[in-house]
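Undergrad: need the 3D shape of this:
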Amino acid sequence: MLPERKVGAMTSHRKDRVAEEIKRELSEIIREDMKDPRVKNGLVSVTHVEVSRDISTATIYLSCLGNTEEQASIVKAFKQAGGFIRGELANRLNLRFTPELTFRSDHSIQVGARINELLNQQAREGKES
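TA: Numbers count the residues shown, from 1 in each chain. Below is the predicted model:
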């Protein structure tokens, strides 16, 4: 008798693989194919990709250097280039349907840098005491 298949586990595994493939390919598209000066001038990286359970939508989290205004400008550039990016992903990924893309700014790297800065400051003040 065959073991019972867990559908949720298989879906989750496939979803994670698709998210990683999107992240890898999108990073390459940003590096080599995007011509928008807002993207080329700033250092932009894809920090995380969340794919819906049915792989119909994907939320792309972007991290970039700069102030809040520059970050908003870069997210806007990605939203405007969404059709181009989705088309490139369709050419590169072996999927029946390419997910709809949503772009969001990710502030986790800046928060982590700020926490690191505060910890270093606390350590310096502890040595002075």
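Undergrad: now do the end-to-end distance for stretch 91-98.
TA: 9 Å (Cα to Cα, to the nearest Å).
Undergrad: what's that stretch in contact with?
TA: Stretch 91-98 is contacted from outside by 18, 21-22, 25, 55-56, 86, 89-90, using Cβ atoms under 8 Å, 6 or more residues apart in numbering. (Glycine included, C-beta is placed from N, CA and C.)
Undergrad: quick one: which of those residues is most hemmed in?
TA: Within those, neighbour counts (other Cβ atoms under 10 Å) peak at Ile22, which reaches 25 neighbours.
Undergrad: quick check, Val44 in contact with Cys64.
TA: Yes - the pair Val44 / Cys64 is scored as a contact, 4.6 Å apart, by Cβ atoms under 8 Å.
Undergrad: still on that earlier bit, let's see which of the contacts of stretch 91-98 end up in strands.
TA: In strands, judged by DSSP state E, none of the contacts of stretch 91-98 are found.
Undergrad: now the common contact residues for Val44 and Cys64.
TA: By Cβ under 8 Å, 6+ apart, the residues touching both Val44 and Cys64 are Ile74.
Undergrad: follow-up on the earlier one: now the two most distant members of the contacts of stretch 91-98.
TA: Greatest spatial distance among the contacts of stretch 91-98 (Cβ to Cβ): Glu25 and Ser56, at 17.8 Å.
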